[in-house]
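Asker: got a sequence here, can you model it:
(chains A and B)
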There are 2 protein chains.
Amino acid sequence: MSSKDRLIYLPLGGAGEIGMNAYVYGYGPADQERLIVVDLGVTFPDMDTTPGVDLIMADTAWLAENAGRIDAIFITHAHEDHVGALGHLWPQLKAPVYARAFTAAIATLKMEEKGNPLDVIKVVKPRPEVVEAGPFRVQFVPLSHSIPESSALIIDSPAGRIVHTGDFKLDGTPIVGEPFNPNEWHDIANEGEGVKVLTCDSTNVFAPLPGRSEATLAEPLAELIAGLDGMVVATTFASNVARLKTLAAAGRAAGRSVCMLGRAMKKMITAAVETGVLTDFPPIIQPEEAVEVSRQNLMLIVTGSQGERRAASAQLARGKYLGLEMKEGDTFLFSSKTIPGNERGVIRVMNAFSEMGVDVVDDRGGLYHVSGHANRPDLEAVHDLLRPKILLPMHGEHRHLREHCKIGISKGIAAELATNGTMVDLTGDEPEIVEYIEAGRTYLDGAVLIGAMDGVVRDRIRMGLNGHVLATLILDEDDQPLGEVWVETMGLPELTKNNQPLVDLIEADLNEYFDKAADKVLRDDDKVEEAVKRIVRQVAMEEIGKKPEVTVVTSRLVAE
Amino acid sequence: MSSKDRLIYLPLGGAGEIGMNAYVYGYGPADQERLIVVDLGVTFPDMDTTPGVDLIMADTAWLAENAGRIDAIFITHAHEDHVGALGHLWPQLKAPVYARAFTAAIATLKMEEKGNPLDVIKVVKPRPEVVEAGPFRVQFVPLSHSIPESSALIIDSPAGRIVHTGDFKLDGTPIVGEPFNPNEWHDIANEGEGVKVLTCDSTNVFAPLPGRSEATLAEPLAELIAGLDGMVVATTFASNVARLKTLAAAGRAAGRSVCMLGRAMKKMITAAVETGVLTDFPPIIQPEEAVEVSRQNLMLIVTGSQGERRAASAQLARGKYLGLEMKEGDTFLFSSKTIPGNERGVIRVMNAFSEMGVDVVDDRGGLYHVSGHANRPDLEAVHDLLRPKILLPMHGEHRHLREHCKIGISKGIAAELATNGTMVDLTGDEPEIVEYIEAGRTYLDGAVLIGAMDGVVRDRIRMGLNGHVLATLILDEDDQPLGEVWVETMGLPELTKNNQPLVDLIEADLNEYFDKAADKVLRDDDKVEEAVKRIVRQVAMEEIGKKPEVTVVTSRLVAE
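Answerer: Reported below is the predicted structural model:
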């Protein structure tokens, strides 16, 4: 460790939001640190802020500029908000990708979809296996979560040990995957000089009670399903392989054939079986067999716990899907929670089932779902177990990070609230903010990556809110209007508040203006555009009470 | 009661949704019944389904067609979802409007805003005062809710007694307004032939525990506020006058001056004081005085419990507002619940406060807010008290109405799930659906009322999702292209996935097409438009992976 070397942390996504995780660590001389990237996730668009966008990911401009310094990308687990951007962003980074077997299988699919090389993905076994990445030595340590093989990373640097938890809970009986192993974590805390930095999941910091094990769900789910008549359809997160197993087992125990609907779910099960993390999964039947089974002997497990319009749950809520249809007397079970922001979609599905006479059961009573994230007491237990010098709360909105900092500080740990773009120097005993990097968002929009600040989505929101007026004007060789101005509208009422045609009123005012317009206006495209926009907005405001977006097309005929 | 007369119920809003309440009762010969309307409310737009819309209300086409048959409009209480559409829709109905004093004061403001006559509003005292409206005799009976003077209506018709609850809870200690009076309700249930029909609020049918009284909040709120340093800012629903009083009293008890921010709140307080429903309200100071008060001696009560962008809470979350500013060490209290669908806005405000170092307290622990609606056990108590022959669940999504029906049926009551537009004959012992009326939604869009199915908002959503391409083509006197096709885009990326300018690629393909286009296409505007749209979408799909909306303007020069 040279006296000029430093250890840095730079979150680019996930610190100040839940989703889109992307964290950077570096070690070396300032601005020449060798870098590793932990996770490359996505977050999902909504109509309010990102209409028409397909996926949202971290702005990796800084990483791309410094791509030559990146020694490795590590993926902690296979959730979309940790691996979903890999295929899209890898071409800018071009570093080897390290993950455990199941995560690597999903990462491979992501790379394949975008035509990236697959041999850069390296499968790593849990500690004691070590990945050497520049100045870092990295180990994967199993921690349970709501997807198989979620892992913390032990990142050893010349400046000390970092524990990067990824997403986790403390679960001694996780159904699928390794239970929480306090002995191993005791070793991790006590090896060498112990843990210098804990970079820690903050999602559930406001949940006051200790987390519950995945295993606690088996009995309530089995009891519920055993007591139901009619067809049973259950939904949960597609990647929650343990839950899928528990649900399928509960169905089988109730004498039901189990059928799975939804591509995402099948992809996860396939990856889990192929990589050996899932064994003893109850037999499942295909939809074409399921249609032959009587309703009281059938259970479907389907995608769409968040009310997603294209998922199997929403398809069933709209009617027949793959030959299967819900009816009066059937039951639909949400073995899931609704992620804030998805309420409207979930409620839409619930009401559609209600209209069919289907009973809907959700987790209101706390019996049919457990979270995959550590609650406040569990976070405190991890602090106490690892006794880090520095705490860096991650994966949370600002309020989660702030609350998590407060806990750390109350225990005498130097906690730093570092949001996306904040570069922190971790070399000394106290974290020190050294730089702010431009850290925005990148949108996948159709097939194109665009910047959040490019104005494209802002224009779409404006058209969506205000409507769009198109005015076309032809000027002849002498810069005089040829014929009248032509107006079309989209997304605006045809008739005004006084029942006049809006287009006619706008055209009348525009033509009146251009009949008398000065030559210096008519010669100047910018002045023409400005005048048209002003008149259109003025008429619209008076007549319909709205200020629409306006596009002006001025065509000039050229003397031949 | 002639043998041909019938008693009908027709919900036009609120039955199949929470919000936009509008119910019709009629009595008389079929299709000539005399009508009364109960409530004319609004619901609020969202970006997903109604971008740019200002307010949403029931489609009153049927009522307008039958306006000559309407004898009265009754408003149960002054919440926006019960009175908000009155000013907009009254001109179509033109009937007298009956309400209690406080509700009438708010209704008057609604009528005034739209320039409607004010003398049609009639102030009614609670039972035993009776309003004679055609064949109906109507009484207002106080029931507590989260706004003063909420009332049930006792609607007596020749075919029997209807109890229309409005929104209510059973509260013996409501802080403001009359406590629940079981004796009076006992009388109502036992007069004459008792209650034939109960039309009943269903909002909280899924809440399993008995409702809590408004009075239970005084102590926890006082304790919380007494224990805080720094400035305290509390928000709740502007119309919850009882809560405002409790909050202000808690602030005063803690030695704080209290200041109120937000027009909606002031409007409610003024109406409540002027109509005598609010007395002993603690003294409040103005913002210009508040800036002089030290932080630990100041409490603000502000609008914006749902994270509304323009409300006082959101203004404070963005910085200084009316000279007042929140700082590290201050506390912001949500004495409210987040209405499903508003989560994103509320979370945005919470995180903005977190960034300022402000502590946010919400009702997570159930200490600082109570609902204004009857929970399941309270609904059952009302069923048992009134013993109606027929139950009509109202004010709920489909799932709420269905659950409420189930409760009624389990008690041997004939319950009918009648959603908006379902006309029910209540003359006999069993309800009977007799007709379905077209019952959509009307949007206030700027200054214009438009129908939900007019396509205006659909076009806005499409532009918001897909972007908009405008293609302009000039054809000369011989139907030949004059110059090149001109393309503009809005809400689309400038560069394609291969970094080519999108507009250039579209123009190139269009010009190539029109160079060779057949005369029969060039002569026909529809064929030209069709060809342009096809080519634009094809190029866009290939180059940016999106199918934009396309508007084509074809200008034809005419031989002079």
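
Asker: hmm, who's touching the helix or strand residue A:219 falls within?
Answerer: Using DSSP states H and E, residue A:219 maps to helix A:218-226. With CB atoms under 8 Å, 6 or more residues apart in numbering or on different chains as the test, helix A:218-226 has contacts from A:175, A:232, A:234, A:246-247, A:249-251, A:253-254, A:256, A:299, A:333, A:335, A:361, A:367-368. Bear in mind the C-beta positions are built from the backbone N, C-alpha and C, glycine included.

Asker: tell me the spacing between residue A:350 and residue A:504.
Answerer: As judged by CB to CB, to the nearest Å, residue A:350 and residue A:504 stand 46 Å apart.

Asker: hang on, I meant residue A:540
Answerer: To residue A:504, residue A:540 is 13 Å away according to CB to CB.

Asker: more neighbours: which of these two?
Answerer: Taking neighbours as other CB atoms under 10 Å in any protein chain shown, residue A:540 and residue A:504 compare with residue A:540 leading, 25 against 11.

Asker: pLDDT weak spots in chain A?
Answerer: Along chain A, the parts satisfying pLDDT under 70 run over A:1-3, A:559-560.

Asker: can you rerun that using 90?
Answerer: Residues of chain A meeting the criterion pLDDT under 90: A:1-4, A:280, A:341, A:363-366, A:482-483, A:556-560.

Asker: what about the longest helix in it?
Answerer: In chain A, with assignment by DSSP state H, the single longest helix is helix A:525-544.

Asker: say whether chain B is contacted by that one.
Answerer: Yes - Helix A:525-544 is in contact with chain B by CB under 8 Å from any CB of the partner chain, via A:543, A:544.

Asker: okay, buried residues for that helix please.
Answerer: By neighbour count with 16 or more other CB atoms under 10 Å in any protein chain shown, helix A:525-544 contains the buried residues A:528, A:529, A:531, A:532, A:533, A:535, A:536, A:537, A:539, A:540, A:543, A:544.

Asker: and if you look at stretch A:217-232?
Answerer: Residues of stretch A:217-232 classed as buried: A:217, A:218, A:221, A:222, A:224, A:225, A:228, A:230, A:231, A:232 (neighbour count, 16+ other CB under 10 Å).

Asker: relative to the whole chain's centre, how far out is that stretch?
Answerer: 31 Å (CA atoms, centre = their mean, to the nearest Å).

Asker: check the separation of the first and last residues in that stretch.
Answerer: Using CA to CA, to the nearest Å, one end of stretch A:217-232 lies 17 Å from the other.

Asker: wait, residue A:87 sits on residue A:114?
Answerer: Yes - contact criterion CB atoms under 8 Å: residue A:87 and residue A:114 qualify, at 3.7 Å.

Asker: give me the three-state assignment for whichever residue of the stretch 101-250 of chain A sits closest to chain B.
Answerer: Using CB to the nearest CB, residue A:206 is the residue of the stretch 101-250 of chain A that sits closest to chain B, at 7.1 Å. Three-state assignment for residue A:206 (DSSP: H, G, I helix; E, B strand; the rest coil): coil.

Asker: mind checking how far the closest residue in space to residue A:406 that isn't next to it in sequence is from chain B?
Answerer: Spatial nearest neighbour of residue A:406, excluding adjacent residues (CB to CB, 6 or more residues apart in numbering or on different chains): residue A:415 at 7.9 Å. To chain B, residue A:415 is 14 Å away according to CB to the nearest CB, to the nearest Å.
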